[in-house]
Each structure stands twice: as C-alpha cells, then as structure tokens.
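Chemist: A predicted structure for the sequence below; I have some questions about it.
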There are 4 protein chains.
Amino acid sequence: MKYKMRKADCTPFGMQDKLHEECGVFGIYVNEKDVDKISPAHDTHTALFALQHRGQEACGIAVNKNGVIKCHKDLGLVNDVFNQEILDGMPGTMAIGHVRYSTTGLQSRENAQPVCITHCKGNLAIAHNGNLVNAGELRKAIELDGGIFRSSSDTEVLAYTIVRERLKCGSIEDAVLNAMYRVQGAYSLLVMSPRKLIAARDPHGFRPLVLGKLYDSYIFASETCALDALGAEFIRDVEPGEVIIIEDGQMRTMKCDIHCNHTTCVFEYIYFARPDSVIDGASVAYARQEAGRYLYEEDPIEADVVIGVPDSGLTAAIGYSKASGIPYDVGLIKNRYIARTFIQPGQDNRERSVRIKLNALRNNLEGKRVVMVDDSIVRGTTCARLVKILRDAGAKEVHMRVSAPPFLHPCFFGTDVPDRKYLIAYGRTVEEIRDLIGVDSLGYLSLEATNKIAVGARCGFCNGCFSGEYPIEVPDTIEKNIFESGIGENA
Amino acid sequence: MKYKMRKADCTPFGMQDKLHEECGVFGIYVNEKDVDKISPAHDTHTALFALQHRGQEACGIAVNKNGVIKCHKDLGLVNDVFNQEILDGMPGTMAIGHVRYSTTGLQSRENAQPVCITHCKGNLAIAHNGNLVNAGELRKAIELDGGIFRSSSDTEVLAYTIVRERLKCGSIEDAVLNAMYRVQGAYSLLVMSPRKLIAARDPHGFRPLVLGKLYDSYIFASETCALDALGAEFIRDVEPGEVIIIEDGQMRTMKCDIHCNHTTCVFEYIYFARPDSVIDGASVAYARQEAGRYLYEEDPIEADVVIGVPDSGLTAAIGYSKASGIPYDVGLIKNRYIARTFIQPGQDNRERSVRIKLNALRNNLEGKRVVMVDDSIVRGTTCARLVKILRDAGAKEVHMRVSAPPFLHPCFFGTDVPDRKYLIAYGRTVEEIRDLIGVDSLGYLSLEATNKIAVGARCGFCNGCFSGEYPIEVPDTIEKNIFESGIGENA
Amino acid sequence: MKYKMRKADCTPFGMQDKLHEECGVFGIYVNEKDVDKISPAHDTHTALFALQHRGQEACGIAVNKNGVIKCHKDLGLVNDVFNQEILDGMPGTMAIGHVRYSTTGLQSRENAQPVCITHCKGNLAIAHNGNLVNAGELRKAIELDGGIFRSSSDTEVLAYTIVRERLKCGSIEDAVLNAMYRVQGAYSLLVMSPRKLIAARDPHGFRPLVLGKLYDSYIFASETCALDALGAEFIRDVEPGEVIIIEDGQMRTMKCDIHCNHTTCVFEYIYFARPDSVIDGASVAYARQEAGRYLYEEDPIEADVVIGVPDSGLTAAIGYSKASGIPYDVGLIKNRYIARTFIQPGQDNRERSVRIKLNALRNNLEGKRVVMVDDSIVRGTTCARLVKILRDAGAKEVHMRVSAPPFLHPCFFGTDVPDRKYLIAYGRTVEEIRDLIGVDSLGYLSLEATNKIAVGARCGFCNGCFSGEYPIEVPDTIEKNIFESGIGENA
Amino acid sequence: MKYKMRKADCTPFGMQDKLHEECGVFGIYVNEKDVDKISPAHDTHTALFALQHRGQEACGIAVNKNGVIKCHKDLGLVNDVFNQEILDGMPGTMAIGHVRYSTTGLQSRENAQPVCITHCKGNLAIAHNGNLVNAGELRKAIELDGGIFRSSSDTEVLAYTIVRERLKCGSIEDAVLNAMYRVQGAYSLLVMSPRKLIAARDPHGFRPLVLGKLYDSYIFASETCALDALGAEFIRDVEPGEVIIIEDGQMRTMKCDIHCNHTTCVFEYIYFARPDSVIDGASVAYARQEAGRYLYEEDPIEADVVIGVPDSGLTAAIGYSKASGIPYDVGLIKNRYIARTFIQPGQDNRERSVRIKLNALRNNLEGKRVVMVDDSIVRGTTCARLVKILRDAGAKEVHMRVSAPPFLHPCFFGTDVPDRKYLIAYGRTVEEIRDLIGVDSLGYLSLEATNKIAVGARCGFCNGCFSGEYPIEVPDTIEKNIFESGIGENA
C-alpha cells in the first residue's frame, strides 16, 4: 500500500478546480508629513496580505530609501516570506510589492517580483499584473539586439522596454508612457525609480488598479480591499491608458493617446477579485449577486434550498435565493485549515481529497431538492465529487447553476486557463456536461447576462475566455515557457 | 517609530476574541481484513485535520505495530507537524491522535499528546479531551506517593490513575473503568495498549465522542466531521459512563455505574464544534439556526439586512433571517490567509488588526439597518471595532444579536474562559455592554432558549459558564499552572 | 539509477566508525553580586557549545527564576535548538544544560534533557551523564509501585529515586545523597531545585565532572574546556561519591560513604574528551601523546612519516613521532563542512563516503612508508577504505597503530559500544584484523600501557570495554530499549 | 544587561580575521557511456561540498537535460540549499555548479550563481570565479546600449559580453573566445549551452581551474580536491587563455592569443586553496611547508615548541618545526561546531568570541617559549586575543610567524581585502604591529620567499595585495556596489 503526496488547493477563496489569477500589485509613496506614521515596508506587507488571493506562489517587496532600492522576495505566502526582522530591516519612504501565482518549476523563483534592475540612468523596481500579447516578439527583438533574459516573465520584457525608452527620452515617466505604445496586452504596472513612484494601466484596462490615500501619502493597489485593510481612502480607479506619477509628494497624470474601448476582465467580478472590492465603479459582491439573479431568471427551477460552493459561490447563491424565493442555506462546510500540500490517505478513494476540504451539512440537504451555485466549472472533476457528496447527504435532486458561461477559450491577458483538452465544456453540450457531473439540471449564465452583472461599471468587458472574441488581436497559441526550450529549438 | 509583532488569531472558524476549546481526539483499530486498505497513521492525520478547529497549538499521533508504540508530536498545526516522510515511517494497525489548544509557554511542548508511557504491565498511549475537577487533589496524592509529573496536563494524572488501577486488576479495560470512579470532571478518552484500543466518556458526557466504522475497522472521534472526512460510517455516540474496547477486531462495551445526568457542553453546539457535526443526536448547524430563530423571537427588531460574523455567526444569522423575514446577506468578508502571527503595521491604529481580518461589504450595508449576529462576546474589544467598521461602511443602525447568553463564569470542563475581569459581561448590564460596543441594540439568547436549541439531543446540557450552575461540585478557583510554582510555594 | 540518502558522521572530532559518548552536563548558580554580569541561559548555551562533542543529537537548558523552572530542549545541535530570542526569553539566576547523543528513533525527543518535573515538595530539573547498571531493576520496582515512565532514559529513573527519597527526608540534597545508595553505575549528575544547584558524582567517578568559578558564581561542567570557553576558573574535580550544594551563593559538600576505587573511564582520555580538557588531574592531550609514545615503544617500526587520522588521532601521532624520531606530517585532510546528512552520489562507489570526508595529501605520502595512528577501530570499515586512499596516494607501506586496545566488550557506563558481532576485533586475531583492513602491520596499545597514559591522574581506570573486567558487577546483557517492547513481552 | 547576536566565522579552514575567496566552480559533461553511472546534479553537489571552503554564502547547480536548463540556487551552505528531493528532481547529462562568498545584504540572493539566461540563440548557464577589472566600464556601455542588470555581479557582465559576441559569430565557443578580448581581469569560467560545456581561464590564469575525467566523462573544477572527492582522475590544469569545449562527449581546445605572463594568485597557495589540492603543478600543502621553512630561515628564533593556528597555519608550522628542529605540537584546539551565527554571552568580554572557537592546550604551552605560525594577519584583533590566550595558558614567550608578507593593498582579482584603514599592517612598522598584538617577536615571510614557495609551479604569481604591483593595469579604487547607488548619483 502506498501513499502519495498530493498538491491540494492553496486558494481558500476557491478550489483546485479553479482558474488562477496571476498577480496583485501595491505601491506607496510616503509624504514627508507622514514619515512618522507610515513605514512603507510594513504597510506594503499588510496590503499584500489583503491581496494574497491574487497570487499565492511568490511575493516580494522593494523599498526605496534615499534612492537606494532594496528588495526581498521569495516563493511562498506573504506570511512565509516576510517576518518582523526582515521588514524592520527595510526602512524607506517608498515601496512597491507584488503577489504572484505562477506555474511551478525550479525556475520560478526567478520570476518573483518586483523585478529590480540597476542602471546608470537610475535603478528601478517594477511590479506588474497582466500579460503582454506581443511579449515573445519584443523579447526576440531585444535578444537579437543584445539583451539577455533571466526569467520567463513579461515583467522583464517591460523592464527592457522602459529602460530602452528611457535612453531616448528625458524622464522615467516619459519612458513608461512611450513604452505603452510598444507593448500590447494587459498590464497594471508600478514602477519605482530613485525619486518617483509611477503607476500605469493598459489602454484597455484589463486588470484593475486603484489610487488611494493614507493620511497625505499616495497609494496604488490592484483592489480596493487593500486600501480598506490599511484604513486608507479610495480616490479613484487609474484610468485605462493613464500614467500617474508621484514625485516630491505630489501627484501628476499623463495619458497615452491609444484609443480603444475600456474592457475590464469580467472574470474579475465573477471570481478573481475579493467580493469586498469595487472595480471600475462596480461592486464585486453586487455583481455576483446579480449573476445569481440572472441565473434564476434565465433558468428557473423548483427547489427547496439554494446553497453556494464556498467561498466563491456563496454570494451568487444568495442572489439566486433572493430572486427565486427559494430559501438560502449553508450546504457545504469548508475546512479552513487547508494548506498547500495535503497528504492523501490512500489512493483507493479519490473522493477524499474533496471530502477533506468540503463536507455536506446533511441537516440542510436531506430529502431536499437542492440548487448548488458555483462560479465556474473548469475541469469538472471536483464538481462531480461534490455532487456525490450532496447525494450521499440525502439531497433528493441536485441542480447546478454556474454564475458564468462555459470556459471554451484561452486567456491572453493574465489568467492561467488550462489547455482546451482539459476544459469540460470544450466539445461538449450542456447536456453532456450535466451527465458527466451527475446533476439533475445544469444551467450556465448567458453571455448577455454576464455583460450586465457589473452594475454601475464605467467600462465594457473582455469575455474572451467565454466568447473567443478578444478586444485586441491575439496570437494563434499561447507561447511555450521559454525556459523549456531545448536543443531542437535553438542552438 | 516601532512595530510590534502581534499574535493574531489562528482559528479560522473564530476570532481572537473567542474562547478556546482544549482538545480533539481520534483513534482507529484496523481490522485484519482492512490492512491493505487503511494506514492508521495516514487516516489519523486526515482526521486530525478535520478536527483542527478543536486545537491549533499542538498535535500528535501514536501508532501501534505489533504492540510496539511509536509517537510523533509537536507544537504546530497538523500540516506543520506531519509530512509524508514522518507518516510513512509510522506503519501499524492501530493509532490514536490528538489536537490541542494550550496556553503558550516554554513548557507547552511537554503537554502535547498522546502521552506515551512504558510500563512492565504494557506500554500505553493516551489522548484526552476534557478537564478533571479533582486533578490537583489526585496529583498531590500521587506525588506524595512517589509519582513525578513532567507536564501540567490532566492527561498525566489520568495516566497515573489508570496505571495504578492496572496494578490492582487484571486488564487495562478494567483499569480504565476503575479509574472512572476516581477521577471527576470531563473526559473523552482514548487509550491504546499493545493489543487494545479503548474509548471512555465521563458519566456526564461533557465532551462529545463518537464511534464509527471504516470498512470493517472501528474508529473513535471527537466529532462526526472526522468520520465524514474519511468517508467512514457513523455508528453511534459513545454513551456517558461507557467504556468501549476494541480487541482482536471486535467491539465490546462496559458501563460505569455512576448515576448522573447526561450534560453535554452546550457551547459545543453554539461555537466549538464544526457545524457539519452531529453531537448526541443533534445537528450543530441546526442548533445554530434554532439559536438564530430564538434570538429573533426573544428580541425582535425591524431592520433591512441580517449579517453574520464569519464564520461562526453565519448559521445563526441565517436562522434569524428565516425567522424574521429580514433578508440575509454577506456583510463581512474574512481574509482566508490569516496566519498565526501577523505583523502589526504601526501601533497608532489598533483597528487594523481587525480590518486585516474582516472587511465590510459596503454595498450590502450602506444606508441600511443591520442586524449583526455573532455566537458570543468574550472581551468585547473585537466586537466594538467591528461595529465601527460597519458604521464606516454606511450602516445606518447596527443591532447586535448574540446566539448565547453572556459569559459570566469559569468553565471547569475543558474550556479556557478568561478571568472574570476580562469578561465584558461581568459586572455590567446589557445596556452598559451595548454602550461599550457602540450598537443601537444588543440582545443575548436567554438561558431557557439555549437549553432548547439542540433539537433532537438525547441529553441535557452543562451551561455553567453562563449560569454558574455546574452538574458537579467544582473548586472555588481554577488552579494555577503547576509549572509556575516558585520558591514561595514549595521548598 | 538511484541515489540514497545516507547518514554521514556528525562528529567532527571523530568519524562514523567511532563510539559515541552519551552526554555532557553544565550548571551555573549566579551569585547575587554577578547578576549584572552573567545571564545563566546565555552562558549555559556557550558552555554547551564547548561540550557539543559529548552529544550531537539533542540538547536543552532549564533556567530558574525565583524558583520557577523553565525548560527548552529539542533534537539538534546547540546552534539549531537555541537562538537569541529563545535565550533572551529565559532570564533567571540558575541554569543547567545538557547535550546528548542518543540512538535515533521517533521517541528520542522524549529522552532530551534536562528532565523537568513538578512536585509538591519542589519542582526539579535534572541533567545526567552516565548509565545506571541497575536502572532496569529500579524501573520495574517503581512501575510496580505505581510509577510511569515517559522515556527510556536512566534520568527518569534517577528522578524517581531522588523524589522518593525526598519524601522520606528533609531536603533535596539529602534526597540526592540517599539516592546514591540505591542506584549503581555511572552518573555525573546536576539537580536544580527552586533554591539550590546540586552536583553529584558516582562513587567510582566513571564520568568527569568539575567545579569552577566565574566571578563569584559557581559552575559545574563535564569538562574543563567548558570553563575555558567562559573564561571561568577551574577549582577542582567533583570527587567520586561527593555531593556539592550551592545555596544562597555558598558552596557546601557532603560525601556518600560507599567505599570503592575511583575508576575514571579510560576512553575519556583516549577519545571522548576534548584534548584541551584536564580530567581528574591528567591532561587529555598529554595522555594521547603518551599513548603514541607507548605505541612506538611497544611496537616499533621503521618508516618515513607518521600521520594521524583527523582529528582524534593527531595527538597520539605526534607522540609516536616524538618517540620514534620519524617525522610527523599531515597525511589526511578532513572536510570541515561535514554535516549530519550527506547525499551519497551513486551507490557504485562506497569509498566516496570516506573520500568526501577525508582526502590524502599525496605530496606527504607518495613513495613513503607511512605510520597511520588512530585512536580506535570499531567496525573497521572506514579504516579499510582509508588505507586504500593512502595507497592510492602512493604510500609504499601503511602501518597502522591504534592508541587503545581492541574493543571486545560492552560498556555499561554510558558508551554506545555496538553489539559484539559488529566489532572487528571480536573473534579475530590481530593478524586477521590486519589482513581485513589491508595494512602492512597493525599494533594496538597494550592494556598495561593504557593504564599508564593519564599521567598525573589521581584515580584508577575502568577499561571494561577492552578487558571485560568492570569495577562493579554488571548484568549479563545490555537491556533492550523499553519502548521497543511489544505484545509478546507484556500484556 | 543586553546580549547581541554576533556573526561568527563560518569558515572552518580559517577565522573571522581572514580574507575571503569569492568563488569555486565545477562542471561535468556525462559521456553517453556513463549515463547509468553518473548523475551530474548529485556529482556536482558532492564536488561543491569539497569546494565549500571557497564560498559559504550561496551556492547553486544548473543541469541540462536535452538542452533544457534548470537551475536551483540560494543563500546557504551546500547542505542547506540542496537535499535529496531537489537533486533527484534535476536529472540531466550536464551540470555546472558554484559556491560563493559574497558581501551580505538583501540583494545577495540575486548574485547567486550559476546565472541562467534564456536567449533565442540558445539558453545559457554561467558560473564564474574571479573579478573583472573593466566590469564597470563594460556594464555602463551595455546599459547605455539598452541592457539591464539584475545583480551587481561581474557574471552578468560576462553573460552580456558573451551573448553579444554570440550575435556576431557562429558558435557559443567562438563567442566565449571573442569575449576574452573584451573583458580584463581574473576569471575561471564555465559556460553550459544546450549542447556544450565550455571552460575558459583568463590569460593570466589568476584563479585555478583544472580538467579531470570520471570514467569517460569530462570534469572541470576550481581545485583538484573536488576531483579527489569524486574519485575522478586529474588530467591537467586549464591553461591561461585557453578555452576547452566538450561537445558530443569529445574535448576540443582553443587558445586566445593575448600574450602575457601566467600569474596565479599566490594567496591560493598560502591560504585559499585546500592543502590537498595541486595548483598549476605545485602542491598547496608543500608550498605551505616551504613557507614555514623560509620563515625559519629568514627569521630564526630559539624556542621550545612550534604550534600552528588551526587549521590554515598547521602545515606551515610543521615546515617551521622541521627546518628549525624545534618540536611541533598542538597548542590550540578548535571547536569543530562553529556555526555561522553564534550568540555572544555578554558584552563585557570580547575575548570570549575567540575563546569559544579556540582554546589553548596548557600542557603543551606552560613554561615554554612558543612559536605560533599563522598564514596571515588582516585586522589583527583575533591575533591579539589569541596571544593573550596563550599567555594565560602559561606560555613564557610568544613568537609569531606569518607565512605571508603584510597585507597592504587591495585585490582586484576576486579577493575581498578590507579597506586599508582596517589592515593592521597599513601605516605601521613590524615593530608597531608586534606591540599591538603583544608578541615577543613577529616575523613575516619576505616577498622573495613568497615567490618561491610553490615548488614545481609552471607559472609566475600575482602578489599585488602584498606588493601593490599588479600584472595588469588596475583602477584607482574598487567600485562601490551598484545597488547602493542612490539619488545623488543617478536620476
């Protein structure tokens, strides 16, 4: 008899059978008036902790003291990578930080951010959330022009592009602005130079980025929940195509004149972002509740109870309950001690990996017709096991409602959608999926409704992973990891 | 400017301002037929993971292979203390395990369980949940009779008592039974001898203990959620005063003839146990929902939304919502990455320690009259900060409802209630508490209702921490830690 | 192709093919005048570091502050187990410490010392170097009288014996003295009570124990090198059968009136102790040099160079060189970074485990007739590989000289001699051993010479491991580890 | 009373008051015939362990499997950074490895090697021992041409230079050769491309680099002791200015036609290298013995005993003893458990930091005139405390002999000589130094003798740190760490 170590989910907001966001960023410029009130490294640490759901594999903080930049980063959660001693050893008046999800592998430490570079025109630290569509093309041109890459991350491409623009213009902010004309794709970017903190958001505004204020000091963060964690004030979203510069404690702004629609990633509302965040004017929690409402309206069913799959399905379940009048209840309990690795107790019973994370509340399910709401189905394996758990707990019927359309297409803008062959929806009708996961009925949110959930949003949406239609031209395939190139492909 | 490391809550089911359960136990005896299907160390590990909410400070597993007992235990969560290599190095056909909450201190590793002892009459491993009322008395008598103690835990007192009875009788099960006439208090006890696995529950049945079956093998666990995690079958609760022996794969039972009422700890239903567990015939989740219902019936209020404090207040909030017809919604989002130590970002703002753990969902609160349901108020500090967070998020009124009566008295049966001087309810009227925490109205569950929430329970309840009335005679004071005795007290 | 993790030697003073000492002890009582100059935990840490060669598997420190005893101990080297924060958290005015070698196994943490016990007559911490001959007998009697053991170490037997005497007499020092009449064997013992620090050495004085002074404060240590590390003054050896009490800053002494010869373990001089220590009046380094001299006198050879096996053979090699006039040189270089586990690079070549630790200095060996001096041969495997390394480096002849007689018998007094079947000398003539390890000639030190090497020693010697003659009656066999008792042996 | 954590020496071959070498390199190309016998990652690990004395702060291994390069590196000793699981996860047929000493600081992890880069012309891993004289100049030119640097190490400059040459020529080996015309200084370099393993040594041959063979596979290493550890065969030194290419299992060689003298660093013989290594034809151990001989011949003294300071002074002491006829003995015992951090026991007594590392052997010193031989004096602080320890142990006279000339000048070729103001010899006569360290006489090796010690060496020597005369033009000052540039220096 053998036991295998299995990687279990490290995303308390979700489950293994979920997509991964790739990053969260944070930056702070301490106004001279606040130097006794704010320690940028400590506050960045707190903020990264609030953004941890955006990346659990690596994190880092770079601080700036009198123009000298120091960086500490490593693989691990914020609480693993930093401790009191490390933070105390990072005094300064500016900082940027980053949390990252990354595909595993030995090289991955190299991909941790912020990326810090030394340069005679001024040292830089860069933190980036997103994905460039033309990174491969830019990378190859840079390589043929004598550049070398030590990581596979787009951030290094951005760093090169900015530095090369810097050599042609008079300031780092102009360099950032000029770089925006050269790179294509999704980026919410923070750049810390010896004297400036600069934020930039791509012209489509795929990924969120907000501006806040703590006392008299400026803050940038991927989500408003990071501002809340610091007790900071939300000022406004960074606009698509905007460059904001904080210098000498003052804020200035510039705008890139690439004209295109503002298309925030709709999956931020459905799953990625924390429900307590507000993105581009729309509450994430309210969007999820609206998704639940549309789910009922588009696909009503008679049932006795509505439950959500913790944690990401709960808000949509409440919305469904409100719209339908079917009572909401807790149907599944999640083990809050789920850690990154969990030792599987025997291989005979693959259900256990789900049972150890989620257990059914028989009392609320027995003899009932159950509507189970979740935010998405990726591979479908976890889903099928969950359904069995509900039935074992006595559910008479299980009706699944998914607060998003089926995943069918890759994402080119910073989300790690698995290859098509792993997507349960690929090449299958809804009926076939229903059969596979073993539910009595299955309903997905329509694309039309998806576009309406973010009530109050001052933007359109990218829903390419559902529709296959992207706001900008995309390559035919997602590029292979450059570190995996072997003899056959290059000399 | 200085930053202090603060211990933050490590109990995802609760918050720092909560009581602590003291233990969870688990045991398994692998039937000969199942030796290829079950590895007792791995399954105990899985089960302890499901019982982690009952103790986060230390854990341990003892396995029995051909009568030889090996033990691994340490301070830390189950996932910190064990890994694949350690579990693989613990083959056997029986195991017991333990999770523990303990007051911190250098000595605490000594208090980790199981306690393993060698003896010419047979080595033993013992795991125990509960607290003895006459431990001090027994300890002193044992000391004066030549016994020595290496820890401050009651478990060592139990070990001595059992071993000394063993010297007077013919079997370990008789020794356990005889010991039950000598110790008084709460205990749900597992004893592993070279050839037997024995479970015993005190005559009042203060702490839960259940019997289950996995294939043909017997299991004991503090809560049914551990059976569910293994996919095991629930058979029945161990009865108060019962001793169950598993030997040669067969189960036998004996009964201690001390006659008294069955008084399960009512706070197990209110807060300690996992909602998906069933204790002495009553569903924990349903009890919480009932508590919410009584809360509304005893103290109705007009409001726009009912929210629960995650995670332990959620179920009662749903019950309140159902009873009142006031819509239930998510009002507070909990950071799922809370770890045991969190570095406080500056001392100016003590609210932050709450803000980093819980954030308000403005969308669901703004302009609304809010009922906030939580399971208990201990010190009240967290509570007051939470109320401020709700008001900052726009709540027009905040009405707090607590699904338990006020804490006023110590617990002598295994719960770590702080000294009276720290209890917000001690010496204060409800009005005074209301003012202190800053809510518009405050309602506690009545003692009468408390006794009714565990619907279907085949037992009465101990509610001494609320009522001051205990099922058995208790000492005047809780004893001081024996390790803290200095010169003044002994020579 | 597979690679196996191998345990490599963690004893820089020796090699894997060496015997293991079982313990080192240290204690300090800070005089009131010195409280600003001495922190007992920090100084104990320094001293244990100097005694690390006496035990590398576990260590611990117990401090006493106003009669309250706190203890920190764990598996690992002194520098692994302690750090600044832990030591800073252990203020006090007395401390005892312990380093331990122990056979590996899951239970071994339980055997770490000091052993701390609570008792109504006064809490105690006990640290012990040695081995009791009648431990099994005492243990069984205690068990049958209602005692329980949580470890397999003799120290717990000592603790029981002292506590039980304490119940019969008026003071802890009388209890220690009375216990000496009940236990038989080797012990150098430190006992810390709420107000006293007590040292005791068995009537034969098998293991070293010295008294020193730092400023006005008293110190006990296994070896003088610990005093030197602290800059403390050596006062005298604790006498066999003596009990020294430090109370209220003053020293008193008592004597047990068991009459027998003082028989210090001769292998302390040959291998265990640090060469810079002085034991019972004789310099360890000088004893080793004398051993080298006798080796030449008893077994002269013509050769070109004398080399020692680092580190323990070096001093005897110098003695051999001086006596013979054959030049001393460095023939083997030891890798100073040897750690406890070393990953073996492939299984084809078992020589590598030696090569990675020791490399030959070809320049000093090539074409030469080499005398290689080592302190002992246990299993002989390392030895044979070393000889091959010398020959590969061009040695024309290799003559091995061992500064001890052949190991033939077990040690009952605290040394971990392997079972006879693993001893190369058991059942073989010197000629047969010579052939096995592949040397041109082989000479052991005679028993007569062994008894003469400790020049100036005020004692006789135990050489039972060589002669089979022990100063006291010994059992027929070394007892099996009590934790390994299974079903067959007890019920 | 306060206690400070002090960094103690982690260099068992030396002491804190010593210079630091900056690197060691190793590479292996597994011949097809040997793939079942050799695992390159495991063998590189073993070799780095043997080279650990050349760098204790960071280490790394890059392996090549079918052209895909994977790298694992971190701060720490070889045994800290690697374990069985990591090595098992690095299969391949080529590997290079690196150990590094580096100035501490948050950035230092970035400086760990091998440096791995991706490039469309072929990924590369580079490991480098040495220091470039024109690195700053090259770096600035690269930066102004659009390159960015993520570390402060010369290795990244080398990587850029090689890659940029690669863009201009047809093969990686030509790129390496061409790069040699652009960089100036010391480098022993290993480059691993998808299909080739390349070694290069600078035209002066400052740092050692050898070629060896294990079965049919080629090996490169900084020192022969790494070959010995693997049981590999020494073939020859890599020649100054030579480039050796291993491709398809075959070895080829090229030569850079820069003409200059071969000037191996003489301090490799005096201190850096392991005594069992042979560098450019001369035995390191024999060189040290010769240094001892010259020391006596140049500066004879009458004395009773010669001792060496462990470990680096021992061989020269033996040479002194042989030349003088004064008996050699062990005078100082070194604690073999010295770890990287050691907690200082109180600040009153700075001597303790020496005492805990070295203790005098009174027996060999008392009443004697002692010659103490050490390899060098840098700051002199440790030295002065050692002398006091000898006198405290009864030495009647202490005569110090140093097997090198006084340090007076910086090293530009890879050694971390402190700033002049910290060098005891700077601005002082030998008499003044003698007084400062408190010896009766002090003798340094003459520069003339220094040039003669490496008997049999097929090279001249660089002795710039003693003479101030360097084989190539050097800058006025050593450059400041580029990461420490702040606002003042760049925008």
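Modeler: Perfect, I can see it now.
Chemist: please enumerate the helices of the stretch 151-300 of chain A.
Modeler: A:154-166, A:172-180, A:224-230, A:266-267, A:284-298 (DSSP state H, counting those that start in this stretch).
Chemist: any idea how far the second one is from the chain center?
Modeler: Translated: helix A:172-180. Its chain's average C-alpha position is 25 Å from that of helix A:172-180, according to C-alpha atoms, centre = their mean, to the nearest Å.
Chemist: and of the helices of the stretch 151-300 of chain A, who's closest to D:Gly308?
Modeler: Nearest to D:Gly308, of all the helices of the stretch 151-300 of chain A, is helix A:154-166, at 50.8 Å by C-beta to C-beta. Glycine gets a C-beta too; all of them are placed from N, C-alpha and C.
Chemist: touching the closest one from outside, list them.
Modeler: A:113, A:115, A:117, A:119, A:121-122, A:124, A:126-128, A:130-132, A:135, A:138-139, A:142, A:147, A:149-150, A:172, A:174-176, A:178-179, A:182-183, A:185, A:187, A:189, A:191, D:143, D:146, D:148 (C-beta atoms under 8 Å, 6 or more residues apart in numbering or on different chains).
Chemist: re the thing from before, can you tell which of the helices of the stretch 151-300 of chain A is closest to A:Met372?
Modeler: Going by C-beta to C-beta, the one of the helices of the stretch 151-300 of chain A nearest A:Met372 is helix A:284-298, 11.4 Å.
Chemist: which SSE is immediately downstream of the closest one?
Modeler: Remark: after helix A:284-298, the chain's next helix or strand is strand A:305-308, criterion DSSP states H and E.
Chemist: and that following strand, what does it pack onto?
Modeler: Counting contacts by 3 or more C-beta pairs under 8 Å, 6 or more residues apart in numbering or on different chains; DSSP states H and E, strand A:305-308 packs against helix A:314-324, helix A:362-365, strand A:369-374.
Chemist: count of residues packed around the residue of chain A found nearest chain C?
Modeler: Going by C-beta to the nearest C-beta, chain C is nearest to A:Glu85 of chain A, at 9.7 Å. Neighbours of A:Glu85 under the rule other C-beta atoms under 10 Å in any protein chain shown: 10.
Chemist: give me the element the nearest residue to A:Met90 once chain neighbours are set aside is part of.
Modeler: Nearest residue to A:Met90 in three dimensions, chain neighbours excluded: A:Ala41, at 3.9 Å (C-beta to C-beta, 6 or more residues apart in numbering or on different chains). Following DSSP H and E, one finds A:Ala41 within helix A:40-50.
Chemist: for that helix, C-alpha coordinates in PDB please.
Modeler: The C-alpha trace of helix A:40-50 is given here as PDB (Å, rounded to 0.1, in the frame of the first residue of the first chain):
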ATOM      1  CA  PRO A  40       6.200  51.600   3.700                       C
ATOM      2  CA  ALA A  41       7.600  48.100   4.000                       C
ATOM      3  CA  HIS A  42       5.200  47.200   6.800                       C
ATOM      4  CA  ASP A  43       2.200  48.800   5.100                       C
ATOM      5  CA  THR A  44       3.000  47.000   1.800                       C
ATOM      6  CA  HIS A  45       3.200  43.800   3.800                       C
ATOM      7  CA  THR A  46      -0.300  44.400   5.200                       C
ATOM      8  CA  ALA A  47      -1.600  45.300   1.800                       C
ATOM      9  CA  LEU A  48      -0.100  42.200   0.100                       C
ATOM     10  CA  PHE A  49      -1.800  40.100   2.800                       C
ATOM     11  CA  ALA A  50      -5.100  41.600   1.700                       C
END
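Chemist: give me the distance from it to the chain's centre.
Modeler: Helix A:40-50 sits 17 Å away from the centroid of its parent chain (C-alpha atoms, centre = their mean).
Chemist: quick one: contacts for the residue nearest to A:Met90?
Modeler: If you count contacts by C-beta under 8 Å, 6+ apart, A:Ala41 has them with A:Ile61, A:Val63, A:Leu87, A:Met90, A:Pro91, A:Gly92, A:Ala95.
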